[in-house]
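Enquirer: how would this look folded up:
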Amino acid sequence: MGRRVIEGHKIRSIRRRLGLTQKALAEVMKVDQGTISRWERGVETPRPARQVLLEELLIAQDEHVALARAKAFVRQDLLPSTLLDARLRLIEMSASARRHFIDRGYNPESLLGKSLDQFVLRENLTHLETALQASGLLRGETIFFRFVRNHKGKGHSTVYEAVFQAGEVVAILNYVTAYFDLPKTDGDVIELIEAVPRDDPGSVNVLFRGPNADDAILAVHGPRQHAG
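Expert: Numbering: from 1, shown residues only. From the prediction side, this is the model:
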């Protein structure tokens, strides 16, 4: 089957999403402005190579927006959140994330620059990193990766989202989605690890169950998900 033709009104929509004038898009596409106008009016159709370039421009823009969203999430303190770089080192945290760490006995400043593998090794949570690798999040196979951690009866759920550019992970956005009570533990315990696959977003894969996994599932999903 041949490549689907991008219709004129969609070309105009792409140009506007990119924030470009007809003249600016023409310079990027290495055509004249009149050609862009004819494409948008449906008088002419871009050749396959030009259509590929349009799609690549749109993908690059979407990836730029995704990274900007991740940074804004942390900097605007929408939730207790942190940002990891491509090497999974903690590079930014929101104000409420700092309070979250302090409340759990950490010095936030000492965590900055630390990699995920250093953190999980220090906290004896190696199964968390193992599950993250197995989930496919870093390969783009998973939309969300979520775990529930129990700190002496104080539970919280954290979501990881990967940000890609040109097929490579450039950042991981982490944010706490909820706080709740769980059965009290002596220290820190991972109670549940889940992943939502990209090819089936209506399902949830359970990757790890801790000693109070049923309580964690009830806290995160509610009683309807816990029934049966």
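Enquirer: what's the pLDDT at Lys114?
Expert: If you check Lys114, the pLDDT there is 93.
Enquirer: got it, and Ser157?
Expert: pLDDT at Ser157 comes out at 97.
Enquirer: that one: neighbour count?
Expert: Applying other CB atoms under 10 Å, we find 21 residues neighbouring Ser157. Just so you know, the C-beta spots here come from the backbone N, C-alpha and C atoms, and that holds for glycine as well.
Enquirer: for the helix or strand containing it, which positions count as buried?
Expert: Assigned by DSSP states H and E, Ser157 belongs to strand 154-165. Judged by neighbour count using 16 or more other CB atoms under 10 Å, the buried positions of strand 154-165 are 154-164.
Enquirer: just the closest of those residues to Gln22, please.
Expert: When the buried residues of strand 154-165 are compared for distance to Gln22 (CB to CB), Phe164 wins out at 29.6 Å.
Enquirer: for that closest one, give its distance to Lys154.
Expert: 33 Å (CB to CB, to the nearest Å).
Enquirer: center of the protein, which residue is that?
Expert: Glu161 (2.1 Å; CA atoms, centre = their mean).
Enquirer: quick one, grab the pLDDT at Val121.
Expert: In this structure residue 121 is Leu, not Val. Value for Leu121, per-residue pLDDT: 82.
Enquirer: oh, that last question was meant for Arg224, not what I typed.
Expert: 51.
Enquirer: repeat that for the one 3 residues further on.
Expert: Each residue has a pLDDT score; the one for Ala227 is 37.
Enquirer: how about the strands in this structure?
Expert: 81-85, 90-93, 142-151, 154-165, 168-181, 188-197, 205-209 (DSSP state E).
Enquirer: gap between the nearest residue to Leu83 once chain neighbours are set aside and Gly8?
Expert: Excluding its sequence neighbours, the residue lying closest to Leu83 (CB to CB, 6 or more residues apart in numbering) is Glu92, at 4.2 Å. In this view, Glu92 and Gly8 are 42 Å apart by CB to CB.
Enquirer: Ile217 now?
Expert: 50 Å.
Enquirer: ditto for Ala219
Expert: Taking CB to CB, one finds Ala219 at 51 Å from Gly8.
Enquirer: what's around Val148, how many residues?
Expert: By other CB under 10 Å, neighbour count at Val148 equals 27.
Enquirer: wait, it sits on Tyr179?
Expert: No. Val148 is not in contact with Tyr179 according to CB atoms under 8 Å; the separation is 10.7 Å.
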